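**Student:** sequence and predicted structure below; questions after.
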Amino acid sequence: MAVPKGKVSKARKHARRANWKLSVPGIVECPQCKAMKLSHRVCKKCGYYDGKQVIKTAEEKQA
């Protein structure tokens, strides 16, 4: 049997539509060079991750 939809109040409608914003990415300080980087990612400045050098940076390639 068909039942008419109940009216959705303005407060309920606005509360539902207000939760679309994204969360802030986790930015932490690199323990090697103290530059800001995304957590759980290789540092773009020094190339270190978890205390180990993973990639060579442009400075090291020139030297």
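**Tutor:** That came through fine. Numbering: from 1, shown residues only.
**Student:** tell me how many other residues surround residue 15.
**Tutor:** 10 (other CB atoms under 10 Å). Any C-beta I mention is one placed from the backbone N, CA and C, and that applies to glycine too.
**Student:** same deal with residue 53?
**Tutor:** The criterion is other CB under 10 Å. On that basis, residue 53 has 14 neighbouring residues.
**Student:** do you know how far residue 51 is from residue 42?
**Tutor:** Plainly put, residue 51 is 12 Å away from residue 42 if you go by CB to CB, to the nearest Å.
**Student:** oops, could you answer that again for residue 20 instead?
**Tutor:** When distances are taken as CB to CB, residue 20 and residue 42 turn out to be 31 Å apart.
**Student:** neighbour count winner among these two?
**Tutor:** When neighbours are counted by other CB under 10 Å, residue 20 and residue 42 differ, and residue 42 comes out ahead with 17 against 6.
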